[in-house]
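Undergrad: Give me the fold of what follows.
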Amino acid sequence: MTIKQIKEMVNGSAYDFLRTNPHLKNRIIFLTLGGSYSYGTNIETSDVDIRGCALNSPSDLIGLTAFEQVVHVQTDTTIYAFNKLIKLLLNCNPNTIEMLGCKPEHYFLLTETGKMMIENRKLFLSQRAVHSFGGYATQQLRRLENALARDRMAQKRREEHIRNSMESAVHSFKSRYTAFDKGSFILYTDESPREDLEREIFADISLKKFPVRDFNSMMNDLVNVLSNYEKLNHRNHKKDDNHLNKHAMHLIRLYLMCLDILEKEDIITYRGNDLDLLMRIRHGEYQKEDGTYRQEFFDMVNAFEDRLTYAKKNTALPLHPDMKRVEEFVMEVNRRALDVSD
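TA: From the prediction side, this is the model:
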């Protein structure tokens, strides 16, 4: 589908809610593409995602209502309230920060206030991008590894793979739970007494005066890792391979976008210079016949991770956004919002 066709579709009856919903009509400041079409990685079967931002109403700002977003499932459309979007942008949330870096022709509606927001996009850039984009990239990598381990590996090798993922979770405990230094948490695999398992993951845990709520959270983290591997179902291998390659592609795309933020201090949503690489990944060039991935792909991931570590240490971006400047910007926009008639 061409951009012209998408624009005509958005102007059609299926999207009338954009013009009739009381939170949206007369208050939308920009509409743009999301997902594969915004990156340039769309294929024939790709869905069209529409994203945007609407000004808060006077009742949101000085009254009792609390509009945050409108999600229209039938058309894959999400429109964020301005104040809600600002909070997400301040954390460099990948799904929202990319809305400010689309190609000019990908904005189907752009008011003067919307232009002001796009022009001030660098207000929201900070080193927080490392954690937000890095977190999303880790999720993509885990999905990829989980699927491969779940369906392509022998049981004892799969168990080792699950343990490695759990080890990553345990490693994060040190930064997330302040009392974790009062004990130890060791994971390992050994022969299993269960008839259905050759080997199994065991844990040696030694904790003293440890908060029970934190312990419960830690256990939930590990249970979630295990659950992700054990959600077995009937598989359509061709469909699943397509999904795996899509996850692999988005993993690399997230690294590239984060590096743009840290190195170029800008948001570049459309991946024109990277499309050859991204589409080769999406079309399965890095996947072997047995469904696993060539070492070349994981070497690429490791290289991007090293580059991200270097970029974090050398970026000129601040640790956090300049909240005073952001607040001044938000106040200016919300003053305009109070003047918009319903």
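Undergrad: what are the ranges of the strands in the stretch 151-300 of the chain?
TA: In the stretch 151-300 of the chain, the segments counted as strands under DSSP state E, counting those that start in this stretch are 183-191, 199-207.
Undergrad: For Leu110, find the nearest of the ones you listed.
TA: When those are compared by C-beta to C-beta, strand 183-191 sits nearest Leu110, at 51.3 Å. Just so you know, the C-beta spots here come from the backbone N, C-alpha and C atoms, and that holds for glycine as well.
Undergrad: which parts of that closest one are buried?
TA: Neighbour-count burial for strand 183-191 flags 185, 187, 189 (criterion: 16 or more other C-beta atoms under 10 Å).
Undergrad: Return the residues in contact with Lys7.
TA: By C-beta atoms under 8 Å, 6 or more residues apart in numbering, the residues touching Lys7 are Phe108.
Undergrad: Would you mark the buried spots in the helix or strand containing it?
TA: Using DSSP states H and E, Lys7 falls within helix 3-10. Neighbour-count burial for helix 3-10 flags 6, 9-10 (criterion: 16+ other C-beta under 10 Å).
Undergrad: try stretch 48-64
TA: Those would be 48-58, 60, for stretch 48-64 by 16+ other C-beta under 10 Å.
Undergrad: Flag the shaky bits of the stretch 1-150 of the chain, pLDDT-wise.
TA: 145-150 (pLDDT under 70).
Undergrad: What segments of it are helices?
TA: Remark: helices assigned in the stretch 1-150 of the chain by DSSP state H, counting those that start in this stretch are 3-10, 17-20, 35-39, 58-62, 82-90, 94-97, 112-119, 128-152.
Undergrad: how about the ones you listed in JSON lines, adding distance to Glu327?
TA: Formatted as JSON lines, those follow (distance: least, C-beta to C-beta, whole Å):
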{"stretch": "helix 3-10", "distance to Glu327": "33"}
{"stretch": "helix 17-20", "distance to Glu327": "29"}
{"stretch": "helix 35-39", "distance to Glu327": "29"}
{"stretch": "helix 58-62", "distance to Glu327": "14"}
{"stretch": "helix 82-90", "distance to Glu327": "10"}
{"stretch": "helix 94-97", "distance to Glu327": "19"}
{"stretch": "helix 112-119", "distance to Glu327": "15"}
{"stretch": "helix 128-152", "distance to Glu327": "17"}
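Undergrad: Contact partners for Tyr132?
TA: Careful, residue 132 is Ser; it's not Tyr. Counting by C-beta under 8 Å, 6+ apart, the residues that Ser132 touches are 91-94, 97.
Undergrad: still on that earlier bit, now, which of the buried residues of stretch 48-64 lie within strands?
TA: 49-54 (DSSP state E).
Undergrad: can you tell me which of the buried residues of stretch 48-64 lies nearest to His131?
TA: Nearest to His131 among the buried residues of stretch 48-64 is Arg51, at 22.2 Å by C-beta to C-beta.
Undergrad: What residue, apart from its backbone neighbours, is nearest that closest one spatially?
TA: Leaving aside its chain neighbours, Arg51 sits nearest to Gly34 (4.0 Å; criterion: C-beta to C-beta, 6 or more residues apart in numbering).
Undergrad: Distance check, that neighbour against Glu327.
TA: Here Gly34 is placed at a distance of 27 Å from Glu327 (C-beta to C-beta, to the nearest Å).
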